[in-house]
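In: got a structure for you, letters missing:
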């Protein structure tokens, strides 16, 4: 590694042409810029490059390579595991890059790497168009997409990567390439699910669908005493649900932490209002709900419906893994674990996987989860630092208790920073070997390794 004085001089030289901001520990704004969504992450990079354009990104990559610096990449969203920032690393921050261009004739949209799904949806819904995006509006488009991409339209329109048309990428050697079916198709195969390993996605082009602006959604909640029956009902419902319907059951409290523990179903339907009314009627009639907010709303509102549960600046520790069957024993175990939840802000949620996304071939692209079932999320989140050890322990204990009911499948975007060895291989399943070979081709020195990392395989 070159000396500190040489690096500082190189940074000064870069600043003469840099359009964005270069922030060192002595700079105004550094403390705020190093913070990510998760308050549990407290890291101090050597330099934060807040890029404004493609040239900024390329020059920053070249600077890091020349000085043998570890690189992290920050998009527009969460980075719950904290991979966007590391001690002593150079953070390449795209969060100021917010360009969005909707092509209403081609039914496509191109958006820059710092865009969030809330910003994306606002622009595309102006034209009654949308694609699969996150379930929380503050999620960044790039991070979600490069790991596969789950969202409300997963059943109807497929995973986010199923709707990706092309990606502009800055590679480890500073080259700018396009990945699509026509250009670098093997790279395009890889970035659709393992993209963070291969470069920096500066802009992403998506296929759009004529959905919205009005859809149907909301939350139906029951007292915790009815949790077992509610999960069983949801299990049967999703086994034959139309592609347009998404019902995510879970154990939670109200967003402000008030009231009793609840068993809730988070509902969305992206079809016509008439079809939605018929589809959600059994949900509203089931049991004796203490809350029912299901009704027509804009897709933009649907995408912000859960934002209050996941605010910036609190501490998060999540673990997740896939269930292909929600057995009665698994249900009872979830309920028992939730009874020991240490606070009123943590949750257990099941995301349903079905429909169009589950009908894609496993080897069609890097993202391999192509079965029906539920993705189990154990989400501990807290504001009081004295609860840190207790909350993390509860998450781990719950995850371990659910392990007998889990498959090996894991969604890479939910991999925690302390996952067991072999979790990345499990996340990519039969596609892992080919991904490691492509890593050797495109990033043989593992320049991009602060991610769900693939080892280059020669």
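Out: Now that the structure is in, tell me what you want to look at. All values reported here derive from a predicted model rather than from experimental measurement.

In: just the pLDDT at the residue sitting nearest the centre point of the chain, thanks.
Out: Nearest to the mean C-alpha position of the chain, by C-alpha atoms, centre = their mean, lies residue 144 at 3.8 Å. Per-residue pLDDT puts residue 144 at 97.

In: which non-adjacent residue is nearest it?
Out: Computed as C-beta to C-beta, 6 or more residues apart in numbering, the closest residue to residue 144 that is not its neighbour in sequence is residue 134, at 5.2 Å. (C-beta placed from N, C-alpha, C; glycine too.)

In: residue 151 is in contact with the one you found, correct?
Out: Yes - contact criterion C-beta atoms under 8 Å: residue 134 and residue 151 qualify, at 5.4 Å.

In: mutual contacts of these two, please.
Out: Here residue 134 and residue 151 share the contacting residues 117, 144, scored by C-beta atoms under 8 Å, 6 or more residues apart in numbering.

In: picking that back up, neighbours around the residue nearest to residue 144, how many?
Out: By other C-beta atoms under 10 Å, the residues close to residue 134 number 27.

In: checking it next. Helix, strand or coil?
Out: coil (DSSP: H, G, I helix; E, B strand; the rest coil).

In: just residue 206 next, same as before
Out: With three-state DSSP as the criterion, residue 206 reads strand.

In: contact partners for it?
Out: So residue 206 contacts 108-111, 131, 160, 163-165 (C-beta under 8 Å, 6+ apart).

In: which one among those residues gets closest to residue 210?
Out: Each of those was scored against residue 210 by C-beta to C-beta, and residue 131 proved nearest at 10.9 Å.

In: got the phi/psi numbers for that closest one?
Out: Torsion angles at residue 131 (phi, psi; degrees, to the nearest 10) stand at phi -140, psi 170.

In: next, count neighbours for it.
Out: Using other C-beta under 10 Å: residue 131 sits among 28 other residues.

In: how about residue 137?
Out: By the criterion of other C-beta under 10 Å, residue 137 has 23 neighbours.

In: please apply the same query to residue 214.
Out: By other C-beta under 10 Å, neighbour count at residue 214 equals 16.

In: just grab the bridge partners of it for me.
Out: residue 298 (DSSP bridges).

In: that one contacts residue 297, correct?
Out: Yes - Residue 214 is within contact range of residue 297, at 7.2 Å (criterion: C-beta under 8 Å).

In: pLDDT score assigned to the nearest residue in space to residue 239 that is not next to it in sequence?
Out: Excluding the flanking residues, the one nearest residue 239 by C-beta to C-beta, 6+ apart is residue 372, at 7.9 Å. The pLDDT attached to residue 372 in the predicted structure is 95.

In: quick one on the thing from earlier: output the contacts of residue 206 in TSV; the columns should cover pLDDT.
Out: As requested, the contacts of residue 206 are exported to TSV (pLDDT from 0 to 100):
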residue	pLDDT
108	98
109	98
110	98
111	98
131	98
160	98
163	98
164	98
165	98
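
In: so which residues of the stretch 101-250 of the chain form helices?
Out: 117-125, 141-146, 154-157, 185-194, 227-239 (DSSP state H, counting those that start in this stretch).

In: between these, which gets nearest to residue 457?
Out: helix 185-194 (12.7 Å).

In: what helices or strands is the top helix by length along the chain leaning on?
Out: Under DSSP state H, the helix in the chain containing the largest number of residues is helix 388-402. Contacts defined by 3 or more C-beta pairs under 8 Å, 6 or more residues apart in numbering; DSSP states H and E place helix 388-402 against strand 315-323, helix 328-338, strand 373-382.

In: and the ones you listed, which is most packed in?
Out: strand 373-382 (a mean of 23; mean count of other C-beta atoms under 10 Å).
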